[in-house]
Every structure is written in C-alpha cells, then in structure tokens.
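[1] Predicted model, plus sequence, below.
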Amino acid sequence: MPRIFIFVFFVMATWACSQQSTRPAAKAFHNINAKYNAIWQADRVYKELVTKSWEERNENYSLPMGIFPPIDSSFGQAHSNEIGNLIRKASLVIDRHQNSKFIDDAYLIIGKGRLIKGDIKNATETFKYINSIDHDEITQASALIYLYQIYIDQKDFESALNVENFIKEIPLNASHKTDFILNKAYYHQVKNEIPIAVALLNEEISHIKSKIQKARLHFVLGQLFQSQGKNSLAQENFNQVKNNKPTYELLLNAQIASKKLTGQVGDLEKMLKEPKNLDKQSEIYLALGQISYANKDFEKAREYWSKASNNNPNKGELYLKLGQLFVSPLKRYPQAALYFDSAATFLTSSHVEFNSAQKLKKNWATFNQLNNVIIVEDSLQIMGKKSTEELSQLYQKYVLAKTKKLDSLQKKTEVKSNTIATYTRRPTSPEQQSFYFYNDMARIQGSQEFNFKWGNRALEDFWNRKNKNATTSEIVSSSTAEVKKSNVLDSNSAVTEDSLQKWLATLPREPLQITNSNKRIEQSLFKLAKFTKLEIGIDELAKANLLNLLNRFPSTEFEAESLYLLYLTSSNEKKLYREKLAERFPDSYFRQLILKLETGNLSLNKEEEAQKAYEKAYYLYVARDFDSCYSSCQNIQNKYPNSKLEDKIVFLMALCKGGIKDISEYSMQLKKFIQIYPQSPLKLEADALLKALNQNIR
C-alpha cells in the first residue's frame, strides 16, 4: 500500500512539472524555479558585467561626453564568454519554464546581454518582441526605454519619438521615470538642443541611486553648463563629482576641468609633480594648453600641447588640435600639414573627426606639394645667380659633409662587426637550471635545432626572410665593403670637374632655364592660391598668393581668373577687382560669373527681353554680320546675366568667331563652351565642330 502512495505522489509531482500545465501547482513550481534559479543567476552575472563595464570604460574627458556612454564593442569581445553565459542562463527559462510568468524577464535579460555585447540588431529585435507578447508593465517599460536609447544612439529620431509615445501611455515606477527622463535629456543632447537637455538632466540627477553614474552625470552636466557659458554652475557640478565615489580617473579629470575653468595654472602645474598623476600628465598638459590658448599665448599653448603628446591615448585629437593651432593663429602651414597627417594616422575610423582629419591630411599635403615647388624653384634661381667660383665652393662643402657622414657610418659599422654575437653569461646556480636560458644543455640543443632549420643567421629584424644563407660575419663584412666602396666613389666623384658641371646644369642659369623655372612658379602660385580658396578656405592666404602672382607675373595667363578669385576673397575691395576685371577682360566668363552673383535669377519680363534680344542677334548671324552679332551677344550678357539662354548666347559667340575665320579664338570659345556647359543640349554640336576644326588644322 505505501508503494502505491509513493507512485501516486511521483506521478502528481511529475504532472506538476509539466511546462504545458496551467494548474496552480505547475505554475508555482516553474515560477519558483525560473525566478530563484535561472533568472537569479543571470541577473547576478549581468550586474557583475555592468560593474566591470564601469571599471574598464575608457572615456575621453577632453571631448563633450554623452549622458549615456557609447556602447563599447571591445568590452563585448573581451567578455564574450560571460555574456554568452548570461544569455544561456536566461534562455533556460524560455526552454524549460514556458508556463512561467518570468518569460518576458528572461527576454529582457537576453536583450540587455546582446546590448552589452554590441549586437545592436538582435538586441533591438528582442526588445521589440517583448512589447509584442503578454507581459507585465514593468518589463514592458524597461524594454521600451532600452529601445528608446538604441534609436537615440543611432540618431533615428523618428523611431525614438514613436517609442516615446508608447512609453507615455504606460504607468512608470520611480526608477523607470528617472531612466526615461535621462533618455529624454540624452535625446535633446544628441539633437544639440542643449538648454532642454540641461534642464531635464539637472532636474533628475538627484534621483539617481548609482553613485558612480551620478558622479559621471555631474561631470557631463558641468560640461553642458560650460558650453552655455554658465561657468559658476559648471564649477559647482565639477566639484560635486568628488562627493559621489567616482573612479580616480573621473575625479582627476573633474579637478582638471574645474581648475581649467578658473585658469588655475599654478595648481595644475603642482598636479604635474605629484607621482600619482604620472600617467595622467598628458591630460594636465592639455588643460594647460587650453588655458594658454584662451589667454592668446599661442606659443605656450603649442609647448604644452607638444608635451601632452607623450603617453597620450588620444594622440589623434591632440595632433588635430596642434594642426589647427599651426594654421591659425600661428600660420605655420607646412608644420600644420605634418600634424594633420599624424592626426589622420592616429584617429580611428569610428571617431567623429576621422573623415575631417582625412580630408585635412589630403588638402594640406597638396598645399605642401605646391608650396614646395615655389620654394625649390626660388632657391634654385637664387643659387643660379651666384658665380661659378661660389657655386664650386658650395659644391665642395656639400661633398665634404657627405664624406664625413659616410666615414661616421663606416666607423659605426666596424664597431658593430667587432661586437656582434658577443655574449657573457654569469654562472648559474643549480636551482636556476630549470630556466631555459640558464640551462646550457637545453640552450645548445635549441641552437642546434634552429641552425638545422634556418641556418646560421644574423641577430636582426626579419631574420626569417627567404634566401638568407649568409652568416653574420659575411653580412657585416659585405655591408662594410659597400660603405667603403661608396665612400671611395663619392670621394673620387667629389673632385671631378664632370660631376660639378652636371650639378651646375641643374641650376637655372640660362635664359631658357630661367623662363621654364618662372613658368613653374607661376603655375604653382596660381594653383596654390586657387586650391587655398576653394578647398582649404583660408581667404587671407589665398589673397596673399594671388597678389604675389599678379605682382611677380603682371602678364600671367591666369589674370582673369585671379581677379575673379580676388573678388571672392575680398570684403572691402570687391568693387575694385570687379571693375578691373571688366576693364581688362570684358568678354571673360569670370566677369559673367560676377554679374550672376550680383544679379541673381532674372524675372519673367527680363527673360522675355533677353529672348527677343537673342532672336535679333541670331538674325544678324544668319545675315553673316558676324561682328554685329558678336557685339549684340556681349550686350545681352551684360544686360541679362544668368538668363536661361546663356549657353545659346555663348555658343552663338563662338560661331561668330568661326564666321570671321578667327580660328584660334573660335577654338578657344568652343573649348570654353564645352567646359562651362557640359549639360547643354548644344554640347554635342560643339564637340563635333571642335573635332572637325582640329582635323582641318592637322
């Protein structure tokens, strides 16, 4: 009989454990197992991961920080096993406790785990799914708030507003209300609506329970107040950081920000001398540089920022800042190009300034290239004006310096050959014999195995390259021989008249050489000025180069376009350059561009007048009165600039030049038309006329 009771109890217990059962006993069993087993374990792992993420987070305190830190994919990669364990534990509830009321909690933990991992797509789908199943309002609110934050991070503001409307329809507890308002402040911060973000964050910061999060948000709030010029409120929030158990790095940067705000240079310099700040000196130097820059002591700022580049994890940003300092106000453009090149190298592809740095690197490299042509040609012309005797002395000095350099290299190579592969070892004690390099037998055996596989190789970089069978002594002796050989050759060539004459031939001394050199300078000056105006956007520098071009080369072929560019770069002298362009080049396309800029689009009546004037000019062309037709077209351009018939007028002017047999002007006008109006319906006809003209000329 007792066996029957045991059997019945076993059957009832098994029946109660069924996932499909809706009986109270079954549901209670699965609820207890889900909550106090899988959910409890998964939640503990999640809290540990959150704590680690705060401890391991590396933030750039020199830049404006977001209310919520960006998702760090590297953290997800470093802790992928723990995150996988978190998701696996939460998944047990879904697999084994389907009639439990904690199914949605399990999905929420899985979504949070995917979010920490950086798997944004699947995290988004998980939070959406929670909103579609039967759930309690607490879990729904959590999922929607996480979804809201994801859309804000992705700057998908339309989707974020849709989620916000859903959140407003459900009741929120105190914790969810705080999270929602923080996300709302974050929404306005990302949209650069700083006053609203500040108001929301300032209102809600006192309700945050996490001390470390509260400390960070005080720092963020200090930055936001500072950006609005409210320095006293910013100072107050930076000081509040230390009252909320911040990390040492956050506390240090709050102190730096506070002292920078009040310009306390002496206190910052004291912080440099403290041993505990040894690894953080770059941040202090950066702040000192910013104070000096604000005080317009730009040389001091350059000095501090140069020191800040040592052991700085954000070198790319610092080099970008230094590049901008050398552009303006220091105006040392070649050095700026070097810093922009370094900034583009060090900034990561995910950095907000990455694309800007790449463009700056490219633009300033082009600037340096054009500028160097001018510097080199000017230097060569200066040297070309010297006498042959002076140039011979300069050449001898150059050869002598080169010979000394080679001698020094030879001595260093000889020292290396004498000291190479020389090792001294201290006698080892018996207990040290277990270490490989102290164990003579193991070391000799390893050396033999290495030589058998690789041969006798020199101790140097890339020792495992192919075709390296030479021994160390052979390599050193051959390199020494090469140095001696080059030394002898250079010494012999130094005193030969032939080598001197070859060098003299490279200098522009003859009239034709000087003309060619000047042509290179002229072209480079114009390209440099145009590039500076249109690509780099420094009007002052562009204007200086344009004026230099016109002063050095009064009859330059680029005069018309240079006057147009001067018109664009000048503020008070526009009238002067417009009138000069009209006087010197009345038919110039660049004069028409100025008229377009000043006139704007024509009214309907003016367009009709232009149409009638064009028809009259065309009748003159048909009557073969080409000179009158050309003059009429010029008048139309002057009176009705920027008309819809502009391409037809310019094309008719070209045909007039063809009609009077001015072949060079005809060809030039056709080329100009093709270049200026590539989308015109008349372009095909212009191409055909130019092609036929070129064939006839040949």
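    Sure thing, it's come through.
[2] Return the helix or strand in this protein with minimum mean pLDDT.
    Lowest on mean pLDDT, DSSP states H and E among the helices and strands of the chain sits helix 472-494, with a mean of 43.
[3] Gln213: neighbouring residues, count only.
    Taking other C-beta atoms under 10 Å as the criterion, the count of residues near Gln213 is 17. All C-beta spots, glycine's among them, are computed from the backbone N, C-alpha and C.
[4] if we can go back for a sec, check which element follows the least confident helix or strand of the chain along the chain.
    Downstream of helix 472-494, the first helix or strand assigned by DSSP states H and E is helix 497-505.
[5] chain center to that following helix: distance?
    Distance, stretch centre to chain centre, for helix 497-505: 47 Å (C-alpha atoms, centre = their mean, to the nearest Å).
[6] tell me the average confidence for it?
    The pLDDT scores in helix 497-505 average 79.
[7] helices or strands next to that helix in the packing?
    Contacts defined by 3 or more C-beta pairs under 8 Å, 6 or more residues apart in numbering; DSSP states H and E place helix 497-505 against helix 388-419.
[8] Please spell out which residues along the helix it packs on are buried.
    Of all the residues in helix 388-419, those buried under the rule 16 or more other C-beta atoms under 10 Å are 391, 399, 406, 410, 413.
[9] show me the contacts for Tyr666.
    Residues near Tyr666 by C-beta atoms under 8 Å, 6 or more residues apart in numbering: 654, 657-658, 693.
[10] in the helix or strand hosting it, what counts as buried?
    Per DSSP H and E: Tyr666 is located in helix 663-676. Within helix 663-676, the residues scored as buried using 16+ other C-beta under 10 Å are 665-667, 669-670, 672-674.
[11] Count the residues that sit near Gln41.
    Gln41: 16 neighbours (other C-beta under 10 Å).
[12] Tyr564 versus the spatially closest residue to Lys672 that is not a sequence neighbour, what's the distance?
    Nearest in space to Lys672, with sequence neighbours left out and distances taken as C-beta to C-beta, 6 or more residues apart in numbering, is Tyr589 at 6.2 Å. Tyr589 is 9 Å from Tyr564, where distance means C-beta to C-beta, to the nearest Å.
[13] out of those two, which sits in the more crowded spot?
    Higher neighbour count among Tyr589 and Tyr564: Tyr564, with 23 against 16, using other C-beta under 10 Å.
[14] so what's the more buried one up against?
    Per C-beta under 8 Å, 6+ apart, neighbours of Tyr564: 577, 581, 588, 590-591, 593-594.
[15] could you redo the last one with a cut-off of 10 Å?
    Counting by C-beta atoms under 10 Å, 6 or more residues apart in numbering, Tyr564 makes contact with 546, 577-578, 581, 585, 588-594, 597.
[16] Kindly report the same for Leu597.
    564, 567-568, 574, 578, 641-642.
[17] I'd like to know how many residues surround Asn81.
    Other residues lying near Asn81 total 8 when counted by other C-beta under 10 Å.
[18] which SSE is it in?
    Using DSSP H and E, Asn81 maps to helix 80-96.
[19] Ala254 reaches Phe238, doesn't it?
    Yes: counting by C-beta atoms under 10 Å, Phe238 is a contact partner of Ala254 at 4.8 Å.
[20] intersection of neighbour lists for the two?
    Overlap of the contact sets of Ala254 and Phe238 (by C-beta under 10 Å, 6+ apart) consists of 218-219, 222.
[21] By neighbour count, which bits of stretch 220-233 are buried? Give me those.
    Applying a neighbour-count criterion of 16+ other C-beta under 10 Å, one finds 220-226, 233 buried in stretch 220-233.
[22] can you give me the helices in the stretch 301-450 of the chain?
    Taking DSSP state H, counting those that start in this stretch as the test, the helices found in the stretch 301-450 of the chain are 315-327, 333-346, 354-384, 388-419, 440-454.
[23] Any chance of a markdown table for the ones you listed, columns mean pLDDT and distance to Asn60?
    Formatted as a markdown table, the helices of the stretch 301-450 of the chain follow (pLDDT from 0 to 100; distance: least, C-beta to C-beta, whole Å):
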| stretch | mean pLDDT | distance to Asn60 |
| --- | --- | --- |
| helix 315-327 | 89 | 7 |
| helix 333-346 | 91 | 13 |
| helix 354-384 | 92 | 14 |
| helix 388-419 | 75 | 43 |
| helix 440-454 | 67 | 45 |
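[24] of all those helices, which lies closest to Lys533?
    helix 354-384 (11.7 Å; C-beta to C-beta).
[25] got the buried residues for the closest one?
    Buried residues in helix 354-384 (16+ other C-beta under 10 Å): 357, 360-361, 363-364, 366-368, 370-371, 373-374, 377, 380-381, 383-384.
[26] Check the separation of the first and last residues in stretch 289-300.
    By C-alpha to C-alpha, to the nearest Å, the extent of stretch 289-300 from end to end equals 7 Å.
[27] Can you give the contact residues for it?
    Contacts of stretch 289-300 from elsewhere in the structure, counted by C-beta under 10 Å, 6+ apart, are 62, 256, 259-265, 268, 288, 301-308, 318, 321-322, 325-326, 328-330.
[28] Of those, keep whichever come out buried.
    Those of the contacts of stretch 289-300 that meet the buried threshold are 62, 256, 259-261, 264-265, 268, 288, 301-302, 304-305, 307-308, 318, 321-322, 325-326, 330, by 16+ other C-beta under 10 Å.
[29] still on that earlier bit, got TSV for the buried residues of helix 388-419, with distance to Phe340 too?
    Shown next, in TSV, are the buried residues of helix 388-419 (distance: C-beta to C-beta, whole Å):
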residue	distance to Phe340
Leu391	37
Val399	37
Leu406	35
Gln410	39
Thr413	38
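[30] can you tell me which of the residues you listed lies nearest to Ser80?
    Once C-beta to C-beta is applied, the member of the buried residues of helix 388-419 that ends up nearest Ser80 is Thr413, at 50.6 Å.
[31] got a winner among the contacts of Tyr666 for most neighbours?
    Neighbour counts for the contacts of Tyr666 (other C-beta under 10 Å) peak at Ala654, which has 25 neighbours.
[32] Break this structure down into its structural domains.
    What automatic domain parsing lists as the domains of the chain is 1-52+64-135, 152-206, 333-384, 387-417+448-458+465-508, 511-585, 598-697.
[33] Of those domains, which shows the lowest average pLDDT?
    Of all the domains of the chain, domain 387-417+448-458+465-508 carries the lowest average pLDDT, namely a mean of 64.
[34] Quick one, grab the pLDDT at the residue nearest to Lys672.
    On pLDDT, Tyr589 comes in at 77.
[35] Repeat that for the one 5 residues further on.
    According to the model's per-residue confidence, Ile594 sits at a pLDDT of 81.
[36] With Leu63 instead?
    For Leu63, the pLDDT comes out at 81.
[37] Let me know the secondary structure of it.
    coil (DSSP: H, G, I helix; E, B strand; the rest coil).
[38] thinking again about what came up before, just checking, which helix or strand succeeds the helix holding Tyr666 along the chain?
    Reading on from helix 663-676 to the C-terminus, the next helix or strand found by DSSP H and E is helix 683-697.
[39] With just CA atoms, put that next one into CSV.
    This file holds the C-alpha atoms of helix 683-697, laid out as CSV (Å, rounded to 0.1, in the frame of the first residue of the first chain):
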residue,chain,number,x,y,z
LYS,A,683,27.4,70.3,-76.3
LEU,A,684,27.3,67.5,-78.9
GLU,A,685,27.3,70.0,-81.7
ALA,A,686,30.2,71.9,-80.1
ASP,A,687,32.2,68.7,-79.7
ALA,A,688,31.6,67.9,-83.4
LEU,A,689,32.7,71.4,-84.5
LEU,A,690,35.8,71.3,-82.4
LYS,A,691,36.7,67.8,-83.7
ALA,A,692,36.3,68.9,-87.3
LEU,A,693,38.3,72.0,-86.6
ASN,A,694,41.2,70.1,-85.1
GLN,A,695,41.2,67.7,-88.1
ASN,A,696,41.4,70.6,-90.6
ILE,A,697,44.3,72.1,-88.7
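[40] what separates it from the chain centre, distance-wise?
    Taking C-alpha atoms, centre = their mean, the mean C-alpha location of helix 683-697 is offset from the chain mean by 46 Å.
[41] Thank you, goodbye.
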